[in-house]
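Peer 1: the following comprises the amino acid sequence and a computationally predicted model.
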Amino acid sequence: MSGQAKVSVIIPTYNRVASLKLSLQSVLCQTYKNIEVIVVDDCSQDETQDYLNSIADPRVRHLRNLENKGAAASRNIGIHAAQGDLVAFQDSDDVWLHDFLEKLIIEIYKDDMNIACYSGVVRVSDGSAAYFPEKQFQRYGDIRDALLSKPFIGTQRLIVKREKLINLGGFDEQFPVLEEWDLTLELSKIGRFGFVNKPLVIQIKNDSSISRNVEKEIISLQLFLAKHSSLYNKNPKIYSSLLRYISILFLVNGQGQKSKNFALKSLSVLPWGFKSWAFLIYVYAKTFLGARV
């Protein structure tokens, strides 16, 4: 079916008309032609609507949110409007190489158990470039255990069978950030992943990219661990490590008591671990001195 599958490409955007043009062009120039493109404008205040209205390509549809809903909700709107067999996601400030879809579609249909597929990415920031994912996260097949450790699959290099996305309900909109980690972990519970170990996406980090928001990250990580607690309770080493990471975020955010609480929780999960004890001493020393990391 790989040669006949229709792909719905969903692009959420907010106030990024300049980078959106390059991103959209990289989609329309794909060697794989059986596509539809759904751009979801999340109530932009720049010239995004003027640009979208000027596009004559019949493969492109655009929807506009009447209020800012966020990336997860915008992607879900695109998913429910999609008519393809497969759904791919592109961000409005990233670029696909011309054969991204072609290579991922071939890979996803190599195994009937595959429900998703992803590629490598080159991240460009401050004049330097690096390839991801790292070697230990270049996984295919059953990748659930690897995904417990960290989010290594970004939406812009992911393609998924649409029926599986619909069955899962799409992205969980309660997450302020890290919604792609939640989605890929949920997908890994019900099927296998293909992987194309090639840099088929260029991710450009610049001033207009979404910057790190520590408070949103803290909220999302706590939601994530609570939602997937049954998996993490079976993996205390990884669970303890993530609790330490949340403790560090609280410390960075100037919330010393909460940092200590999570350091203690990390220790309770892995009481025999040297790292847990050493980290607890570190956090108490930092909070006692009134310092931030």
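Peer 2: Cool, got the structure.

Peer 1: okay, now the domains of the chain?
Peer 2: Segmentation of the chain into domains, based on automatic domain parsing, reads 7-204, 235-289.

Peer 1: and I219, which of those domains is closest to it?
Peer 2: domain 7-204 (5.6 Å; C-beta to C-beta). No exception for glycine: its C-beta is placed from N, CA and C like everyone else's.

Peer 1: just to revisit the earlier point, mean pLDDT and mean neighbour count added to the domains of the chain, as TSV?
Peer 2: Shown next, in TSV, are the domains of the chain (pLDDT from 0 to 100; neighbours: other C-beta atoms under 10 Å):
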stretch	mean pLDDT	mean neighbour count
domain 7-204	96	18
domain 235-289	94	17
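
Peer 1: need those domains in a markdown table with distance to F224, can you?
Peer 2: Below are these laid out as a markdown table (distance: least, C-beta to C-beta, whole Å):
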| stretch | distance to F224 |
| --- | --- |
| domain 7-204 | 6 |
| domain 235-289 | 8 |
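
Peer 1: S229: which of these is closest?
Peer 2: domain 235-289 (8.7 Å).

Peer 1: what about that closest one, start to end distance?
Peer 2: In domain 235-289, first residue to last residue: 33 Å (C-alpha to C-alpha, to the nearest Å).

Peer 1: cool, stretch 264-276 as well?
Peer 2: Note: stretch 264-276 ends 8 Å apart using C-alpha to C-alpha.

Peer 1: ok, and what's touching that stretch?
Peer 2: P236, K237, Y239, S240, S241, L243, R244, S247, W277, F279, L280 (C-beta atoms under 8 Å, 6 or more residues apart in numbering).

Peer 1: the domains of the chain: which one's closest to A226?
Peer 2: domain 7-204 (10.6 Å).

Peer 1: show me the contacts for the residue nearest to I38 when sequence neighbours are not counted.
Peer 2: Leaving aside its chain neighbours, I38 sits nearest to G78 (4.5 Å; criterion: C-beta to C-beta, 6 or more residues apart in numbering). The contact partners of G78, by C-beta under 8 Å, 6+ apart, come to S8, I10, I11, P12, I38, V40, L63, V87.

Peer 1: wait, which of the contacts of stretch 264-276 is closest to L24?
Peer 2: S241 (38.8 Å).

Peer 1: please, which helix or strand holds that closest one?
Peer 2: helix 236-252 (DSSP states H and E).

Peer 1: what packs against that helix?
Peer 2: If you count contacts as 3 or more C-beta pairs under 8 Å, 6 or more residues apart in numbering; DSSP states H and E, helix 236-252 packs onto helix 144-149, helix 214-227, helix 229-232, helix 256-269, helix 274-289.

Peer 1: got the angle for it vs helix 274-289?
Peer 2: Taking axes from the mean of the first three to the mean of the last three C-alpha atoms, to 10 degrees, one finds helix 236-252 and helix 274-289 inclined to each other by 10 degrees.

Peer 1: still on that earlier bit, from the contacts of G78, which two are the most distant?
Peer 2: Taking C-beta to C-beta, no two of the contacts of G78 sit farther apart than L63 and V87, at 14.9 Å.

Peer 1: now C29. Nearest residue, chain neighbours left out?
Peer 2: H98 (5.7 Å).
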